[in-house]
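Enquirer: dropping the sequence and predicted coords here.
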Amino acid sequence: MHTVETVLLVLMLGALTGIAARYVRAIPLPLIQIALGAALSWPQKGLHISFDPELFLLLFIPPLLFADGWRIPKREFFALYRPILKLALGLVLFTVIGLGYLIHWMIPEMPLTVAFALAAVISPTDAVAVSAITRNLGMPAQTMRVLEGESLLNDASGLVALKFAVAATLTGVFSWTAVTRDFLWIALGGIGAGALIGWGFAVARDTVTRRLGDVAATQMVLLLVLLPFAAYIVGERIGVSGILAAVAAGVMTNFADLSRSEFVAERMQTQGTWAMVESAFNGAVFLLLGLQLPSIIGVTLKEAGHLWWVLAGYAVAISSALLVLRWIWLTLGVQGSLWRAHRDGKMAERPSHLLTLASTLAGIRGAVTLAGALSVPMLLNSGAPFPGRNLLVFLATGTILFTLVVGSIGLPLVLRRMPPSGEPAATREERHARLAACQAAIAGMVLSKEQAAAADPKWVAQYQESAGRLTQEYRKRIDLLEDAPAPATPEALAETTAVVRQRRRRYVVELELRLSSLHVEREALYAERHAHRINDESLRSLVAELDLQEVPLRQRLAIARHAAGVDAPPNSAP
């Protein structure tokens, strides 16, 4: 099949499986996409794609990691840097050494350096897979930040370990000094290059948009989409980690966005564009992963003949050992840092055995592991075949499937047994921020004595009337957000609770009426267009105005329903 047709088909299937996953909630979307990809490629005349690891890493990984770096809360990321670094660096080294010797002991015909290469390939978790599997399972927030930070950084350490294991196999020479020097250059150089590119883009964007305003919003969003590719390519060209360069560019871009509060159109277009890019690329990654399975697993097992169960047993044993090593490192190497973070208030959830087990099961491998395995050369420097390469690729692929399935099945079971943590810290902080914004808006409408004396009395009267109506609206929102004062007696508490609930429910009815009125307005505008009393351009402009009003109104209504204890109607949109 032509490459363009293949890309279009993969993107279309990614969208369709995303819709199907809304109906089949019991199965995680990545597993559906992998299974579909495998089904499409399994028949003799199925869809077969030549998997180029370098091209795959260039096309799909940078934008997804850039988006993760752009989105991850930086405050939590830097507050939890100790456990993140212990997982991203220490766990990779622990896994490569421990698992490498275990693999060589289990499969003596595989040279030790090749066993280290396999351990290095499967040591880093996959940021795309981790976020896709754990996103809606209720993983505690700070633990999720640690897992995200680990998966964003450990690619560099895993790929550096792979590079030197392959080099030792090819040349028979290994040097810890060279490993340390090259790792520092690759990791720190990648972070530095990405941060510099992100900062340069932010300065250029700020220079342009401060002069032109939101007129250039569309072009800036397009350049922002291309930025992770630029960071990755530059990083790879200068010999550092392109993956870390893409992540650092995303982090730096987010810092720059904190000083761009006035560019509304650009911000709205950016959010919509990245939502589409992430959905399409996530689906493509897992579909392409599924498309490779029959040619890797099926062919290898077929060649093994009646000994296929030995290879399958190796894959299960290595994957299980991988998770056991992760559990040991979390228990012995990271638990202390997590306790200190909890004691210092940086981590809300208390470390526990269940939390450690959930973090262990969340060590999911993905497309980066497959790309790393396929990047292992076919031949040695002497022209002889690379020893155990096919087995290495097979076992790496088996590890991906094992961790995906175990994580998809085990994580929901473990997380359901964890005690509820009450109101999440992020939700509480968001409520307090909304409250502060409402109070600031009310304070900002107050005229000083000097302003009132210098203005026209008629204008002051009109201003005070308008400010009073708007203040009343803000007061209603404050009533939803503020914690009610605790009365002294149970009777007074019951009376106060009833009054507050009644007032909040009345506000819910008001918001529902406003939302219904917007729907009526929109239907009237479409009726005007059908009657040819307005043209398409006018319709789009008027409907866009109503849409912009409806989005915050829906969010406010959801908050009001939650505060008033009112369930949303069954058929209401989220």
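Expert: That came through, no problem.

Enquirer: please enumerate the strands of the stretch 51-200 of the chain.
Expert: For the stretch 51-200 of the chain, applying DSSP state E, counting those that start in this stretch gives no strands.

Enquirer: how about low-confidence regions in it?
Expert: Applying pLDDT under 70 to the stretch 51-200 of the chain picks out residues 51, 135-136, 174.

Enquirer: let me see the ranges of the helices in it.
Expert: With DSSP state H, counting those that start in this stretch, the ranges of helices along the stretch 51-200 of the chain come out as 53-71, 74-79, 81-85, 92-106, 112-122, 127-134, 141-171, 176-212.

Enquirer: buried ones in the longest one?
Expert: Buried positions in helix 176-212, judged by neighbour count with 16 or more other C-beta atoms under 10 Å: 179, 182-183, 186-187, 189-191, 193-199, 201-202, 205, 209. The C-beta positions use only the backbone N, C-alpha and C, and glycine is treated the same way.

Enquirer: what's the answer for the second one, then?
Expert: Using 16+ other C-beta under 10 Å as the test for burial, helix 74-79 gives 76-77, 79.

Enquirer: which helix or strand in this protein has the lowest average pLDDT?
Expert: Within the chain, no helix or strand scores below helix 127-134, which has a mean of 73 by mean pLDDT, DSSP states H and E.

Enquirer: tell me what that one is packed against?
Expert: Here helix 127-134 touches helix 29-41, helix 53-71, helix 141-171, helix 264-293, helix 389-417, going by 3 or more C-beta pairs under 8 Å, 6 or more residues apart in numbering; DSSP states H and E.

Enquirer: got the contact list for the second one?
Expert: Meaning helix 53-71. Residues outside helix 53-71 that contact it (C-beta atoms under 8 Å, 6 or more residues apart in numbering): 127-128, 131, 148, 152, 225, 227-229, 231-233, 242-243, 246-251, 253-254, 274, 277-278, 281-282, 284-285, 288, 367-368, 371-372, 374-375.

Enquirer: ok, stretch 313-325 next?
Expert: The contact list for stretch 313-325, computed with C-beta under 8 Å, 6+ apart, reads 91, 94-95, 98-99, 102-103, 106-107, 118, 122, 360-361, 363, 394-395, 398-399, 402-403, 406.

Enquirer: try 6 Å
Expert: For stretch 313-325, contacts defined as C-beta atoms under 6 Å, 6 or more residues apart in numbering pick out 95, 98, 102, 360, 395, 398-399, 402.

Enquirer: farthest pair within those?
Expert: Spatial extent of those (C-beta to C-beta) is set by the pair Thr360 and Leu395 at 19.9 Å.

Enquirer: hmm, Leu361 is touching Pro412, no?
Expert: No: Leu361 is beyond contact range of Pro412, at 9.8 Å (criterion: C-beta atoms under 6 Å).

Enquirer: follow-up on the earlier one: any idea how far the least confident helix or strand of the chain is from the chain center?
Expert: 7 Å (C-alpha atoms, centre = their mean, to the nearest Å).

Enquirer: now do the lengthiest helix in the chain, average pLDDT.
Expert: Longest helix in the chain by number of residues (criterion: DSSP state H): helix 490-530. For helix 490-530, mean pLDDT rounds to 83.

Enquirer: how about stretch 456-466?
Expert: For stretch 456-466, mean pLDDT is 88.

Enquirer: what's the following helix or strand after the longest helix of the chain?
Expert: helix 536-564 (DSSP states H and E).

Enquirer: number of residues surrounding Leu152?
Expert: Other residues lying near Leu152 total 26 when counted by other C-beta atoms under 10 Å.

Enquirer: hmm, I typed the wrong one, I wanted Phe286.
Expert: The local packing of Phe286 (other C-beta under 10 Å) involves 27 other residues.

Enquirer: wait, isn't it in contact with Ile32?
Expert: No: with contact defined as C-beta under 6 Å, Phe286 does not count as touching Ile32 (8.4 Å).

Enquirer: so what sits against both of these two?
Expert: Residues touching both Phe286 and Ile32 (C-beta under 6 Å, 6+ apart): none.

Enquirer: with adjacent residues omitted, what lies nearest to Ser352?
Expert: Met418 (7.7 Å; C-beta to C-beta, 6 or more residues apart in numbering).

Enquirer: how near is that neighbour to Val393?
Expert: Distance, Met418 to Val393, using C-beta to C-beta, to the nearest Å: 37 Å.

Enquirer: looking at the two, which is more packed in?
Expert: Legend: neighbour count by other C-beta under 10 Å for Met418 and Val393, higher for Val393 (21 against 16).

Enquirer: list the contacts for the more buried one?
Expert: 296, 373.

Enquirer: quick one: pLDDT of it?
Expert: We have a pLDDT of 90 for Val393.

Enquirer: repeat for the one 4 residues further on
Expert: What the model reports for Thr397 is a pLDDT of 90.

Enquirer: now for it: which residues touch it?
Expert: Going by C-beta under 6 Å, 6+ apart, the list of residues near Thr397 reads 296-297.

Enquirer: rerun that using 8 Å as the cut-off
Expert: Thr397 touches 292-293, 296-297, 370, 373, counting by C-beta under 8 Å, 6+ apart.

Enquirer: any idea how far the residue nearest to Ala127 when sequence neighbours are not counted lies from Glu550?
Expert: Closest residue to Ala127 apart from its sequence neighbours, by C-beta to C-beta, 6+ apart: Ser151 at 3.8 Å. Distance from Ser151 to Glu550, counting by C-beta to C-beta: 36 Å.

Enquirer: looking at these two, which has the bigger crowd around it?
Expert: For Ser151 versus Glu550, the count of surrounding residues by other C-beta under 10 Å is larger for Ser151: 28 against 18.

Enquirer: so the more buried one makes contact with Ile133?
Expert: No: look at Ser151 against Ile133 with C-beta atoms under 8 Å: they stay out of range, at 11.2 Å.

Enquirer: phi and psi next, for Leu379.
Expert: Reported as degrees, to the nearest 10, the phi and psi values for Leu379 are phi -130, psi 150.

Enquirer: which SSE is Leu480 in?
Expert: Per DSSP H and E: Leu480 is located in helix 457-481.

Enquirer: name the residues that touch that helix?
Expert: 431-432, 434-435, 438-439, 441-442, 445-447, 452, 455, 500, 503-504, 507, 510, 556, 559-560, 563-564.

Enquirer: give me the buried subset of those residues.
Expert: Buried among the contacts of helix 457-481 by 16+ other C-beta under 10 Å: 431, 434-435, 438, 442, 500, 504, 507, 556, 559-560, 563-564.

Enquirer: turn these into TSV, columns for distance to Thr113.
Expert: Compiled in TSV, the buried ones among the contacts of helix 457-481 are given as follows (distance: C-beta to C-beta, whole Å):
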residue	distance to Thr113
Arg431	55
Arg434	57
Leu435	60
Cys438	63
Ile442	68
Val500	69
Arg504	67
Tyr507	68
Arg556	61
Ile559	58
Ala560	63
Ala563	61
Ala564	65
